[in-house]
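K.L.:
predicted model follows, preceded by the sequence.
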Amino acid sequence: MQEDLTTIKDDMIAFIEGHGMRRFHGYVGEEVQTVMWDLNSNLETWKDFVELAKHSGATFLTMNHLQLDREDVDFLVERLRNAAYASEEDVEEARWLRAYVGKTGFVQLGFPHQGGMFVCEISTEWYERYQRLLDMAEDLGGIPFETDQDDER
């Protein structure tokens with residue numbers, strides 16, 4: 001499993017443009033009727049996905065990616081620190097993600113067809129951990145609160 005999908009993302013851009021297709025920068029969320037592409041443990045099958053989009057008459061593909069920023073990790077660490085039930089291990093795991101700052105951990109391609117979206121997603125193991133921690137921080141209510149010292153008296 002790769003730790004940085006930047007090269008794959010760049011290859012996708014070149015491959016899509018090489019097929020004469022356009023890219024629409026957007027994310028296909030869960031609220032849309034979606035058919036997921038099965039990679040079958042072979043990251044290179046995204047090329048088959050692009051070719052299927054072309055043969056289906058799609059003129060564009062949606063494309064989204066996440067490149068981890070230091071601010072993203074710092075925000076996650078802070079949210080977990082302020083969460084009521086987060087453990088120190090969770091906070092430490094979030095800090096560990098700093099090793100992946102600047103790396104691409106998620107790429108999504110999609111194309112519309114007959115009222116639905118066909119989607120191909122590739123992600124790294126660290127991105128899955130990042131998402132799990134983000135979801136946990138949100139579920140635990142890790143919203144930082146600032147207190148005014150006058151209110152404490």
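P.N.:
Okay, I see it. Every value quoted in this text rests on a predicted model; they were computed, and no experiment measured them. Numbers count the residues shown, from 1 in each chain.
K.L.:
which residues touch stretch 63-72?
P.N.:
5-6, 9, 12-13, 16, 23-28, 97-98, 100-110, 127, 130 (C-beta atoms under 8 Å, 6 or more residues apart in numbering). Any C-beta I mention is one placed from the backbone N, CA and C, and that applies to glycine too.
K.L.:
try it again with 6 Å
P.N.:
In this structure, residues lying in contact with stretch 63-72 by C-beta atoms under 6 Å, 6 or more residues apart in numbering are 9, 23, 27, 100, 101, 103, 104, 105, 106, 107, 108, 109.
K.L.:
what segments of the chain are strands?
P.N.:
Taking DSSP state E as the test, the strands found in the chain are 22-25, 34-36, 60-67, 104-113, 116-123.
K.L.:
how about residue 22, nearest residue that isn't a chain neighbour?
P.N.:
Nearest non-adjacent residue to residue 22, counting by C-beta to C-beta, 6 or more residues apart in numbering: residue 60, 4.2 Å away.
K.L.:
now which of the contacts of stretch 63-72 would you call buried?
P.N.:
9, 100, 103, 104, 105, 106, 107, 108, 109 (16 or more other C-beta atoms under 10 Å).
K.L.:
tell me the two of those that are most distant?
P.N.:
Pairwise distances among these were taken by C-beta to C-beta; the largest, 21.5 Å, belongs to 100 and 109.
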